[in-house]
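Student: below are the sequence and a predicted model; questions follow.
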Amino acid sequence: MQTASISQLKANLSRYVREVQRGGEVQVLHRGTPVARLVPPAPGRDDVRQRLIAAGVIRPGTGNARRILDKPPLKLGTSVLEALLEERREAPF
């Protein structure tokens, strides 16, 4: 991590911003005391999503959830609670 006084930061801001863009950090000093740190932004939700898509972990949707949500729910022969209780009764532990 690099350190820079406020005057150095003001004089060379572009250089320090490039350092942060490359993933580095810059600690800002005021009279020798750390007062701030320049760091890259945390990945947002869309950044993480794009990386997961690129890695093949998830697939993007078609964007047309309305037709699925407009359908009435399935009619099940039992309630979810009854199915859960039955599954727990059958569990070996």
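Tutor: The structure has been received and is ready for your questions.
Student: tell me where the chain has strands.
Tutor: Taking DSSP state E, the strands of the chain run over residues 2-5, 26-30, 33-38.
Student: output those as JSON lines; include the columns mean pLDDT and mean neighbour count.
Tutor: Any C-beta I mention is one placed from the backbone N, CA and C, and that applies to glycine too. Converted to JSON lines, those look like this (pLDDT from 0 to 100; neighbours: other CB atoms under 10 Å):
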{"stretch": "strand 2-5", "mean pLDDT": "95", "mean neighbour count": "15"}
{"stretch": "strand 26-30", "mean pLDDT": "96", "mean neighbour count": "16"}
{"stretch": "strand 33-38", "mean pLDDT": "96", "mean neighbour count": "12"}
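Student: for A91, find the nearest of those strands.
Tutor: With CB to CB as the measure, strand 33-38 is the member of those nearest A91 (50.5 Å).
Student: in its sheet, what does the closest one sit against?
Tutor: For strand 33-38, the pairing partners within the sheet under DSSP bridges are strand 26-30 (antiparallel).
Student: sorry, back to before: any idea which of the strands of the chain gets closest to A11?
Tutor: Taking those one by one with CB to CB, strand 2-5 is closest: 9.2 Å.
Student: so which elements touch that closest one?
Tutor: helix 13-21, strand 26-30 (3 or more CB pairs under 8 Å, 6 or more residues apart in numbering; DSSP states H and E).
Student: quick check, central residue of the protein?
Tutor: When the chain is reduced to its mean C-alpha position, the closest residue under CA atoms, centre = their mean turns out to be R45, at 4.1 Å.
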